[in-house]
Every structure is written in structure tokens, then in C-alpha cells.
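Chemist: Structure here, sequence nowhere to be found:
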């Protein structure tokens, strides 16, 4: 065994009891609650291109709902801001800021179980042709929706242990 491997093993062996003592539970572990969300969350129907990308990513992470226990509603807002302006007053780079506000409902009682808000940003360059700039903007929207969906799922998984059976 290499000495670095021994150190890693010893540090891991020392860290395991510390994590157990702090109440750490793996999301998909026996007491984590994350399994309740897998194939159990029906996401509201998308209305915009951004919504489609957001819903698609959530479905990739949690699997499409086969027997939904929960319903996820969401509101997505985005804002484009000039980020880099040349001396000639031409914008060369844009920033796309976005937020997703979500609510997780119990499908049986329609009670709100969890709420939250996530935010992030992406950007794109506008130095190429018009087609290249438009393609870069569409890609920035897709990237942002992936980031927001991943943050939403992470928050849901972190709180899944408190959800009813």
C-alpha cells in the first residue's frame, strides 16, 4: 500500500464517525428520503423553451413520474444584462441571470410540503456572426436551466427526509 493511500484510508476512517455523529444521512440511503422522490414527482407542464429545458433536467435527475406522490410547480425568471461593452459602444458579452421559485405539493391533499428559490447565471459572447451569437444565447439558456434544475433537485433531496410517506 502506498503511503498516500494509507493516509487517505486513515483520514476516511477518522472522518466516518464524525459524519455519523453530525447526523449526516445519504440522500438515497435507508433513512435519507431521496428514494421517495425517484419516479414520484410530477412536474407542472412547461410553457416556454426555458421551462422545457428545466423540466427535462428534473425528469433526468428524478426519473419521469410513474406513480406521483408529489407535484412540483415552478416559476422561472430570467434577465439579460450587458456584461462587456467595447469603446465603440458595442456589447461583446452578455450575462443571463435566472431564478426558479418552486413548491412541492402532496398530490393527495394538495398541501404545500416544501418551497424554495434557487438562482444562478451564465453568459455568452456576442463577437461572432448573428447566427453564432443567437446559438450561443440559446445554449446559455439551456445551461442556466440545467443549473437551476440541478439546484432545485439538490434542495429537494436535502429536505426529502422530512416528506410524508
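Modeler: Now that the structure is in, tell me what you want to look at. Just so you know, these numbers come straight off a predicted model, no measurement behind them. Numbering: from 1, shown residues only.

Chemist: Give the phi and psi angles for residue 131, as a check.
Modeler: phi -60, psi -40 (degrees, to the nearest 10).

Chemist: how close does it get to residue 91?
Modeler: Separation of residue 131 from residue 91 (C-beta to C-beta, to the nearest Å) stands at 17 Å. Every residue, glycine included, has its C-beta placed from N, CA and C.

Chemist: Neighbour count: those two, which is higher?
Modeler: Higher neighbour count among residue 131 and residue 91: residue 91, with 15 against 8, using other C-beta atoms under 10 Å.

Chemist: which residues touch the residue nearest the centre of the chain?
Modeler: Closest to where the C-alpha atoms of the chain average out (C-alpha atoms, centre = their mean) is residue 150, at 1.8 Å. Going by C-beta atoms under 8 Å, 6 or more residues apart in numbering, residue 150 touches 57, 61.

Chemist: residue ranges with poor pLDDT in the protein?
Modeler: Applying pLDDT under 70 to the chain flags the ranges 1-23.

Chemist: at 90 instead, please
Modeler: Applying pLDDT under 90 to the chain flags residues 1-36, 67, 83-92, 127-128, 161-165.

Chemist: can you pull out the strands in it?
Modeler: Taking DSSP state E, the strands of the chain run over residues 41-43, 70-85, 91-106, 112-125.

Chemist: most tightly surrounded among those strands?
Modeler: Neighbour counts (mean count of other C-beta atoms under 10 Å) averaged over each of the strands of the chain peak at strand 41-43, with a mean of 22.

Chemist: Give me the packing partners of that one, helices and strands only.
Modeler: Identification of packing neighbours for strand 41-43 by 3 or more C-beta pairs under 8 Å, 6 or more residues apart in numbering; DSSP states H and E yields helix 49-62, strand 70-85.
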